[in-house]
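Peer 1: Test case, fold it:
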Amino acid sequence: MAKKSSFNLFYLIGMIAVIVGSFLPIIRISLGILGKIDFTIVDAFKDLSNLDSWLALLMFVAAAVGVILCFVKVSNASMLKTVCLLASIVLGLIFFARGNFFKDWFKITGFGFYIILAGWVIGLIGTFVKK
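Peer 2: Take a look at the predicted model:
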């Protein structure tokens, strides 16, 4: 009989998608006459003076810790991975809700947002659907 593995590929793929999506343009910020700029996690590293940058950075860190937990043997790893996924989702939703993101959904979304959203869904599937 094969030994049951605690390694969850769906969770890993989902968290990697969140990390990759963080480096792609997440939202487009309108600067009026100056045009628009795309916000990525790199922008959060540059300017840690506002709450939005901290939320985006912590969303990224939670996903990165989730990926690390896939490869490190820790007691209660599945619970810690679930906490990392839920923290990433909650921090991301707060980040998007603070900027009136849901009001102008299609105008300001970047490709990175959709990758992050897909990563959250895949991570949730991997977390709650066991082999």
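Peer 1: List the buried residues in the strand or helix carrying S78.
Peer 2: Following DSSP states H and E, the helix or strand that holds S78 is helix 77-98. Buried residues in helix 77-98, defined by neighbour count with 16 or more other Cβ atoms under 10 Å: 77, 81-82, 84-89, 91-92, 95-96. C-beta coordinates here come from the backbone N, C-alpha and C atoms, glycine included.
Peer 1: can you map out the helices along the chain?
Peer 2: Using DSSP state H, the helices of the chain run over 9-23, 41-46, 51-71, 77-98, 105-108, 111-128.
Peer 1: residues in contact with the helix holding S78?
Peer 2: Helix 77-98 is contacted by residues 6, 8, 11, 14-15, 18, 27, 51-52, 55-56, 58-59, 62-63, 65-66, 69-70, 74, 102, 113, 116, 120, 123-124, 127 when judged by Cβ atoms under 8 Å, 6 or more residues apart in numbering.
Peer 1: Identify the residues contacting the most centrally placed residue in the chain.
Peer 2: Centroid check for the chain by Cα atoms, centre = their mean gives V18 as the closest residue, at 3.9 Å. Counting by Cβ under 8 Å, 6+ apart, V18 makes contact with M59, F60, A63, S88, I115, I116, G119, W120, G123.
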